[in-house]
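Participant: output the structure for:
(one chain, ligands or ions: 1)
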Amino acid sequence: MSVAKPPLASGRLTLKQALLTLLIAIVISLIAGSIELLGHASSMRENVQQRTSQQLAIVNGAAAEAAFQLNPDLAHQIAFGLFSNSEISQVAIRDDFGRALAEFYPTQPNASNWLSKQLFGDIVYHEMPLRYYMGSDTPEATVGEISLSLDTVYLTREFLARGYAVVGRSILEAFLLSGLVIALFHIFITRPLLKVHAAITQTDPTRPGQWPKPTLKGHHDDELGHLVESLDHLLNEFQAGLAQRDHLHQLSQYDGLTGVANRRHFDMFLAQQWQWATRAKQPLSAIFIDIDNFKEFNDHYGHSMGDDTLRAVATVLNQCIDSSCDLLARYGGEEFICVLPGKDANEAMNIANCLRQAILSLAIPHAYSSTHSHLTASMGIATTTHEQPLSPDDLLNKADQQLYHAKRRGRNRIEIHERPA
Ligand SMILES: Nc1nc2c(ncn2[C@@H]2O[C@H](COP(=O)(O)OP(=O)(O)OP(=O)(O)O)[C@@H](O)[C@H]2O)c(=O)[nH]1
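Facilitator: Now for the predicted structure:
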């Protein structure tokens with residue numbers, strides 16, 4: 001019996017797992033990268049604010065001097081120094097009347113976008129009053145102010161440069177991690193599973209207990225090892241079930257003593273073959289075989305010897321028929337019957353001669369036989385043909401009648417209902 005074997009799904013599980021792992025790794029890496037970027041944005045804002053305050057504090061004294069002296073050159077020099085910082089887009093130093101002593105503006109307007117507004121919108125503008133110390137007996141006076149605006153576009157660009165690096169690194173990490181997980185998954189799960197699959201597809205369904213049980217190194221105590229053991233148990237149970245089924249089939253179809261077909265098998269076979277012969281207009285013959293004086297044999301040689309003899313007779317009778325199409329059955333007691341589909345009376349007679357000779361050739365001594373010094377059998381043949389049809393019952397009755405005649409006419413002989421012309 002052959003079964004359709006599914007194709008080996010090599011790699012499909014690995015591919016599915018690879019895609020899933022990669023997806024999960026990328027999502028996790030992006031989330032981790034985003035958290036890292038948020039932290040980076042926060043610390044960048046703090047640093048920028050700190051640097052700006054420090055710069056303003058550093059130049060405060062000089063700027064106050066310039067504002068006090070109303071010295072535009074000094075103010076210009078201080079403002080220019082601040083303006084040369086890439087992070088600063090606008091600087092102004094004013095006197096206490098608000099008049100500009102020095103001012104620097106970007107040549108192009110600051111094109112801040114949504115992201116730059118979100119990141120640095122609230123820390124763009126910084127100003128500091130310019131306080132001038134005029135002596136210990138005079139309180140500090142405010143002589144002007146210094147203000148500056150941060151270049152949010154520049155700061156955002158810096159932030160994005162870091163962001164791209166973080167995202168790139170995260171995706172690279174995701175690929176490396178996925179590759180590692182996929183390789184391990186393939187080695188520890190997919191490959192053993194493919195081994196189990198291959199073993200199952202190689203299993204002969206008629207002999208499941210002899211399946212090529214795979215050895216999974218390192219998986220004795222895990223789920224894969226348990227899977228193989230469960231499969232092994234299942235297949236062996238299946239094998240035992242098949243053996244039981246075969247045994248029951250043997251019991252229901254074959255004679256326990258001789259091993260040839262039993263009466264039940266014979267009845268079914270005759271009914272089927274008779275219908276076939278009728279439809280195909282083919283002959284069908286039956287030969288009754290009855291061991292001569294078997295009661296005496298049993299009485300003198302013992303029942304056990306009688307059993308052995310019945311087995312030996314069945315064996316040699318079987319050798320005279322074509323078991324691919326004919327059937328030898330134990331009809332009851334020491335009586336056998338041959339059903340010969342497609343064989344006419346001539347062919348049946350030839351086979352009967354073979355049967356009779358086969359029993360004689362066993363040369364089983366029968367000192368108490370009324371007909372012969374050795375074991376013999378009598379036979380009756382009947383044939384149904386398209387021209388002279390007989391029902392199954394009539395066929396058996398005619399063969400039985402011929403057997404009766406053979407017994408009456410001295411035993412160890414063959415009688416035929418339809419003698420060949
Ligand atoms: N050992 C053994 N004997 C069996 C078995 N079945 C039937 N017999 C014996 O076969 C014998 C048949 O005896 P009969 O029916 O009188 O026929 P026979 O002695 O062969 O005489 P003819 O048929 O007239 O030659 C009986 O003694 C049965 O006990 C069996 O399975 N084993």
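
Participant: next one, pLDDT for residue 22 please.
Facilitator: pLDDT recorded at residue 22 is 84.

Participant: got a list of what the residue in the stretch 201-350 of the chain that the ligand sits nearest to touches?
Facilitator: Closest approach between the stretch 201-350 of the chain and the ligand, counting by C-beta to the nearest ligand atom: residue 306, at 2.5 Å. C-beta here means a position set from N, CA and C on the backbone, and glycine is covered the same way. By C-beta atoms under 8 Å, 6 or more residues apart in numbering, the contact set of residue 306 is 294, 297-298, 334.

Participant: the residues you listed also near the ligand: which ones?
Facilitator: Counting by C-beta under 6 Å from any ligand atom, 294, 298, 334 from the contacts of residue 306 sit close to the ligand.

Participant: of the contacts of residue 306, keep whichever come out buried.
Facilitator: For the contacts of residue 306, a burial check counting by 16 or more other C-beta atoms under 10 Å picks out 294, 297-298, 334.

Participant: separation between the residue most central in space within the chain and the ligand?
Facilitator: The residue lying closest to the centre of the chain (C-alpha atoms, centre = their mean) is residue 197, at 6.0 Å. Look at residue 197 and the ligand: by C-beta to the nearest ligand atom, to the nearest Å, they are 52 Å apart.

Participant: how would you label residue 288: helix, strand or coil?
Facilitator: strand (DSSP: H, G, I helix; E, B strand; the rest coil).

Participant: what score does it have for pLDDT?
Facilitator: 98.

Participant: for it, the count of nearby residues, please.
Facilitator: By other C-beta atoms under 10 Å, 26 other residues sit near residue 288.

Participant: so this structure: which segments form each domain?
Facilitator: Domain assignment for the chain by automatic domain parsing gives 10-168, 208-250, 263-416.

Participant: closest to residue 202 out of those domains?
Facilitator: For the domains of the chain, distance to residue 202 was read as C-beta to C-beta. The smallest value, 5.5 Å, belongs to domain 208-250.

Participant: just how off-centre is that closest one within its chain?
Facilitator: Chain-centre distance of domain 208-250: 16 Å, with C-alpha atoms, centre = their mean, to the nearest Å.

Participant: returning to what we had before: can the contacts of residue 306 go into a markdown table with extra columns for distance to residue 161, pLDDT and secondary structure?
Facilitator: Shown next, in a markdown table, are these (distance: C-beta to C-beta, whole Å; pLDDT from 0 to 100; DSSP: H, G, I helix; E, B strand; the rest coil):
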| residue | distance to residue 161 | pLDDT | secondary structure |
| --- | --- | --- | --- |
| 294 | 110 | 97 | helix |
| 297 | 111 | 97 | helix |
| 298 | 110 | 96 | helix |
| 334 | 107 | 96 | coil |
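
Participant: next one: stretch 42-51 to chain centre, how far?
Facilitator: The answer for stretch 42-51 is 57 Å, by C-alpha atoms, centre = their mean.

Participant: could you point out which element follows the strand or helix carrying residue 243?
Facilitator: Element membership for residue 243, per DSSP states H and E: helix 223-253. Next helix or strand after helix 223-253 toward the C-terminus (DSSP H and E): helix 263-280.

Participant: contact residues of the stretch 101-250 of the chain facing the ligand?
Facilitator: Counting by C-beta under 6 Å from any ligand atom, no residue of the stretch 101-250 of the chain sits close to the ligand.

Participant: the strands in the stretch 101-250 of the chain, which residues?
Facilitator: 125-132, 141-150 (DSSP state E, counting those that start in this stretch).

Participant: hmm, who's touching the first one?
Facilitator: With contacts defined as C-beta under 8 Å, 6+ apart, strand 125-132 is touched by 52-53, 56-57, 60, 63-65, 67-68, 93, 140-150.

Participant: are any of these buried, and which?
Facilitator: Buried among these (16+ other C-beta under 10 Å): 52, 56, 60, 63-65, 67-68, 93, 143-150.

Participant: just to revisit the earlier point, could you give the average pLDDT over the helix holding residue 243?
Facilitator: For helix 223-253, the mean confidence score works out to 93.
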